[in-house]
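S.K.: Kindly generate the corresponding structure for this input.
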Amino acid sequence: MTPFVNEFVQQKVDVIMGVNNVVIRAAKDATKTIPIVMISSVDPVAAGYVDSFAHPGGNVTGLAWLNRDISSKRVELLKQVLPKMSRIAVLWDGNAPGPAIAFKEYTAAAQGFKLDLRSIEIKAPNPNLERAIQTAKNARVDALFVVSNPLMGQYSKQVFDLALKHRMPSMTEEIRYVDAGGLMSYGAHLADLYRRAAGYVVEILKAAKPGDLAVKLPEKFELSVNLKTARQLDINIPQQVLIQADKIIQ
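M.R.: Coordinates of the predicted model:
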């Protein structure tokens, strides 16, 4: 990502949009003057992107969807579907900072629900997904939690094909993974975040300073359920979950 960011800086673009932590960090390191509008999945204050939510300071502002902070809600939702769930696996990119934070959040959530948790790491450039999913299967986990990031997005179809092959229910962070065959997802409404991020760009192009524009949180969340996958796994999705769903794949 860094070469592209450096190219943007050299071209003296008006605004840089950063939609994952690798890009946001690279952009912040590359320029102190070009405005950066972020959509951050981690706490931007803790990550050092901004000084505070109310007064970002510097040249970075935008939205923090804090995807990792609702890990316990995902565990709670899947527990409603699988009430006997006692052991889970978390599949995550061991080389990326965002997934490392997510894994800590899932660890805390598992402790809260008294669940045994197994860490399943994959790493670029050639993740051995067959071995990773087989490791989860050998651990006799009841469900697989998949942490979103660019590497996981690249291999999403393979991940969920393997999960289905091994009859492993999955919970994910974004709707695109349910489209790829995952069982369920719960997270911030990304389309709404992008729409609101565009509003920051407009304000900056009208001469607003990013350091004066408060960082905002998600206003909408979405739950997605893949009933096709549920049927293949012989899982009955309770009505109490279905009525909460924003998208149901038949």
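S.K.: which residues in this structure form helices?
M.R.: With helices called from DSSP state H, the chain shows them at 2-10, 21-30, 71-81, 97-112, 129-138, 150-154, 156-165, 175-179, 190-205, 227-232, 239-242.
S.K.: Could you check those and tell me which one is nearest Leu63?
M.R.: Between Leu63 and the helices of the chain, the shortest gap by CB to CB is with helix 190-205, which sits at 5.4 Å. All C-beta atoms are positioned from the backbone trio N, CA, C, and that covers glycine.
S.K.: circling back to that earlier point, among the helices of the chain, show the one with the smallest mean pLDDT.
M.R.: When the helices of the chain are ranked by mean pLDDT, helix 2-10 comes last with a mean of 84.
S.K.: other SSEs contacting that helix?
M.R.: Using 3 or more CB pairs under 8 Å, 6 or more residues apart in numbering; DSSP states H and E as the contact criterion, the secondary-structure elements in contact with helix 2-10 are strand 16-18, helix 21-30.
S.K.: tell me the most buried of the ones you listed?
M.R.: Stretch with highest mean neighbour count among these: strand 16-18 (a mean of 22; mean count of other CB atoms under 10 Å).
S.K.: Tell me how many other residues surround Lys157.
M.R.: 12 (other CB atoms under 10 Å).
S.K.: Excluding chain neighbours, what is closest to it?
M.R.: Excluding the flanking residues, the one nearest Lys157 by CB to CB, 6 or more residues apart in numbering is Ala180, at 5.2 Å.
S.K.: For the one you found, what are phi and psi?
M.R.: Backbone torsions of Ala180, given as degrees, to the nearest 10, read phi -80, psi 0.
S.K.: Run through the residues that contact it.
M.R.: Contacts of Ala180 were listed using CB atoms under 8 Å, 6 or more residues apart in numbering, and they are Ser156, Lys157, Val159, Phe160.
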